[in-house]
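**Student:** Let's see this in three dimensions:
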Amino acid sequence: MLRAKGVILVQSIDLTAFNIIAMTARHHNLRAFANINISHLLANLANIRALHANKSMIIMLKANAYGHGAVEIAKALDGLCEYFGVASVEEGIELILAGIEKTKVIVFSGFFSKDMVQTLIDYRLIPIIHSAYQYELLDEYFQSKHAEIWLKVNTGMNRLGLSEDEFEALYTQAQSYCKPINALTHLAESESCDQSFTLKQLQCFQALIKDKSFTHISAFNSAASLLNNNDFNTNTIRIGLALYGACAAAHPLLRCTLKPVMTLHSHVVAIQSIDVGDSVGYNRQYIAKSKTQIAIVTIGYGDGYPQAAPNGTMVAINGKVYPTAGKVSMDLMAIDIGMNKDIYIGDNVTLFGNHDLLVDDVAKHIGTSSYAMLTAINPRVKRFYLTSTDAETTQSVIKDTTASTK
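**Tutor:** Numbering: from 1, shown residues only. Take a look at the predicted model:
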């Protein structure tokens, strides 16, 4: 029997509610979408600030703000922190062209050509110097009015960073050209329970910056490292995943206050009834052990949801969790809903973000990380930027319309 929802006619409604209804209708017509809760973002920022009240802050917006939408997140936070951090010159240009001007933008992966130096000047981007080669390209930059740099020293990550000798030499040279001069390093095991290597890196960094005049000093590149080593003398913190409410390794003091910013949704597009022994999807990776129903959902690895998600990965439909069944396809995935008669074509499906489906927990079940899951969500998934009131009203409307049409 075909099961689908009817049409709702709204006779009288105030403008705010009408906008929420319209937004919900747009959601309902999308195969997959993500709600980005700006109120949760700001609450997370306030909680992190409260733990580090006297420190400057770099908010990381690389990889499209961890999948949340760099421009919209930057607009919400412009002026609320000292720096935004991006991976590339291109990411930095995107923010400047979007009108970001109260918060400075740092390019973390640096640059590798003379032409890129002129771009740094034109768009007021601040470089991180991690090689002597880069420093040699900076003649024109040093003549500009905003000749601020960060010197990055390698203390054991062995990815990007100056050697100790290069760090000493470039610090001496930079004093003639740059103001301010800032210093940072990168910790290799900041989220590990064993902090011995982290302590070794921090001690090395402290020895290198001792008796030098840096405006900003940054070593901690995760929420876990911040609270595990808060007694080390740095005055600038870098905040990434924790700001977005996804930080499984964060200190318990912080994790209990974090709120998920992204909620990923899709819809039921079909419901199949299958018998014992029937299979679902490619490679027949799911075999029914009893008579059941399979809800087909309009999201897949083509949207960024992990293809590696095994049978039994939980999703939520109408507030109740159900296991996935079979291999995730490019555009679709299957959910075992048992013999439930209260699920209909068009019903909302939550992949992570609420209904106790934290992205950290879903990622752990799949065998990946919340970093990878969030950044993988691609432009096929439309983002909607909401306040908490918007989000609560939207959920209420979804529940009301679901109840009214069954």
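
**Student:** Next one: the residue nearest the centre of the chain from residue 158, what distance?
**Tutor:** The structure's the chain has its C-alpha centroid closest to residue 66; by Cα atoms, centre = their mean the separation is 2.9 Å. Distance from residue 66 to residue 158, counting by Cβ to Cβ, to the nearest Å: 24 Å. C-beta coordinates here come from the backbone N, C-alpha and C atoms, glycine included.

**Student:** Next: residue 368.
**Tutor:** 24 Å.

**Student:** More neighbours: the two, which one.
**Tutor:** residue 368 (15 against 9; other Cβ atoms under 10 Å).

**Student:** shouldn't the more buried one be in contact with residue 307?
**Tutor:** No: Residue 368 lies out of contact with residue 307 (Cβ atoms under 8 Å); the separation is 10.5 Å.

**Student:** Look at residue 288 and say how many residues are nearby.
**Tutor:** 17.

**Student:** what sits against it?
**Tutor:** Applying Cβ atoms under 8 Å, 6 or more residues apart in numbering, we find residue 288 in contact with 274, 275, 276, 277, 278, 279, 280.

**Student:** Looking at these, which one is closest to residue 99?
**Tutor:** Nearest to residue 99 among the contacts of residue 288, counting by Cβ to Cβ, is residue 280 at 47.9 Å.

**Student:** What residues does the residue lying closest to that closest one once chain neighbours are set aside make contact with?
**Tutor:** Excluding its sequence neighbours, the residue lying closest to residue 280 (Cβ to Cβ, 6 or more residues apart in numbering) is residue 326, at 3.8 Å. By Cβ under 8 Å, 6+ apart, the residues touching residue 326 are 279, 280, 281, 282, 284, 285, 286, 311, 333, 334.

**Student:** Would you mind pulling the contact partners of stretch 62-80?
**Tutor:** Outside of stretch 62-80, the residues within contact range by Cβ under 8 Å, 6+ apart are 36, 38, 41-42, 45, 59-61, 84-88, 91, 94-95, 98-103, 108, 240-241, 244, 246, 261-262, 304, 371, 374-377, 383, 385.

**Student:** And these, which of them are buried?
**Tutor:** 36, 38, 41-42, 45, 59-61, 84-86, 88, 91, 94-95, 100, 103, 108, 240-241, 244, 246, 261-262, 304, 371, 374-377, 383, 385 (16 or more other Cβ atoms under 10 Å).

**Student:** Filter these down to the ones in strands?
**Tutor:** The strands, defined by DSSP state E, take in 36, 59, 60, 84, 85, 86, 262, 383, 385 from the buried ones among the contacts of stretch 62-80.

**Student:** for the fifth one, which residues make a bridge with it?
**Tutor:** As for beta bridges, residue 85 partners with residue 60, residue 106 under DSSP bridges.

**Student:** Distance check, it against residue 354.
**Tutor:** From residue 85 to residue 354 the distance is 28 Å (Cβ to Cβ).

**Student:** What about residue 100? Give its phi and psi, please.
**Tutor:** Dihedral angles phi and psi of residue 100 (degrees, to the nearest 10) take the values phi -70, psi 120.

**Student:** Identify the residues contacting it.
**Tutor:** Contacts of residue 100 by Cβ under 8 Å, 6+ apart are 74, 75, 78, 84.

**Student:** Mind giving me the PyMOL command for buried ones among the residues you listed?
**Tutor:** Burial among these is assessed by 16+ other Cβ under 10 Å; the matching PyMOL selection reads:
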select buried, resi 74+78+84
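
**Student:** I'd like the average pLDDT over stretch 245-259.
**Tutor:** For stretch 245-259, the mean pLDDT works out to 73.

**Student:** ends of that stretch, how far apart?
**Tutor:** Using Cα to Cα, to the nearest Å, one end of stretch 245-259 lies 5 Å from the other.

**Student:** likewise stretch 64-71?
**Tutor:** Using Cα to Cα, the end-to-end distance of stretch 64-71 comes out at 8 Å.

**Student:** What's the mean pLDDT across it?
**Tutor:** So the average pLDDT for stretch 64-71 ends up being 98.

**Student:** And for stretch 83-98?
**Tutor:** Averaged across stretch 83-98, the pLDDT comes to 98.

**Student:** First-to-last residue distance for that stretch?
**Tutor:** 16 Å.

**Student:** Any stretches of the stretch 251-400 of the chain with poor pLDDT?
**Tutor:** 251-255, 355, 388-400 (pLDDT under 70).

**Student:** And the helices in it?
**Tutor:** 252-255, 359-366, 370-376, 388-404 (DSSP state H, counting those that start in this stretch).

**Student:** If residue 297 is in a bridge, with which residues?
**Tutor:** residue 268, residue 333.

**Student:** Tell me how far it lies from residue 179.
**Tutor:** 55 Å.

**Student:** More neighbours: which of those two?
**Tutor:** For residue 297 versus residue 179, neighbours defined as other Cβ under 10 Å are more numerous around residue 297 (27 against 11).

**Student:** In this structure that one contacts residue 331, no?
**Tutor:** No: the criterion here is Cβ under 8 Å, and residue 297 misses it with residue 331 at 9.9 Å.

**Student:** isn't residue 218 right up against residue 184?
**Tutor:** Yes: in this structure, residue 218 is within contact of residue 184 by Cβ under 8 Å, at 4.1 Å.

**Student:** who touches both of the two?
**Tutor:** What both residue 218 and residue 184 touch, as defined by Cβ under 8 Å, 6+ apart, is the set 236, 238.

**Student:** Would you check that residue 241 makes contact with residue 372?
**Tutor:** No: between residue 241 and residue 372 there is no contact under Cβ under 8 Å: 10.9 Å.

**Student:** secondary structure element for residue 204?
**Tutor:** helix 196-209 (DSSP states H and E).

**Student:** Now for the residue lying closest to residue 372 once chain neighbours are set aside: which residues touch it?
**Tutor:** Spatial nearest neighbour of residue 372, chain neighbours left out: residue 363 (7.1 Å); criterion: Cβ to Cβ, 6+ apart. By Cβ under 8 Å, 6+ apart, residue 363 lies in contact with 248, 369, 370, 372, 373.

**Student:** right, and the pair among those residues with maximum separation?
**Tutor:** 248 and 372 (12.5 Å).

**Student:** Tell me which of those two has more neighbours.
**Tutor:** Set residue 248 next to residue 372 and count neighbours by other Cβ under 10 Å: residue 248 wins out with 16 against 13.
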